[in-house]
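# this one's structure only:
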């Protein structure tokens, strides 16, 4: 990743949830362990996250399942909702201003790792 390109002192990677109802600190810790994520995985109260994502013009909302819901990878129980959201990566400068936004599912040059793919449920 960015470390192998010599960017360790120039780039910080973080992931910010759009699902604070499920992405609690213990769940994010388990997710990091399961997927090998070594960067910060951030969550916050609903209102703070709404403000954060709204400032970046990102939309998301909770949608109830209409068919049989998938099983939650962490709890093993059926999920009660899905989160419909924009897919993007945002590059912020050193002052925290967005400088580049990549919208959509980016082609990262490889498939998802097996541990990361294992937390997703195929859509029907």
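Structure received. Fair warning: this is a prediction, and the values are worked out from it, not measured in the lab. Numbering: from 1, shown residues only.
# drop to CA atoms for contacts and neighbour counts, all remaining ones
Will do.
# which SSE is residue 82 in?
Residue 82 belongs to strand 81-85 when assigned by DSSP states H and E.
# what's next to that strand, contact-wise?
Outside strand 81-85, the residues within contact range by CA atoms under 8 Å, 6 or more residues apart in numbering are 18-19, 58-65, 69.
# go again with 6 Å.
The contact list for strand 81-85, computed with CA atoms under 6 Å, 6 or more residues apart in numbering, reads 59-65.
# in strands only, show me those.
The strands, defined by DSSP state E, take in 60-64 from the contacts of strand 81-85.
# can you redo these as CSV with pLDDT?
Below are those laid out as CSV (pLDDT from 0 to 100):
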residue, pLDDT
60, 89
61, 90
62, 92
63, 93
64, 93
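# and the residues you listed, which is closest to residue 43?
Comparing the ones in strands among the contacts of strand 81-85 against residue 43 with CA to CA places residue 60 closest, at 14.7 Å.
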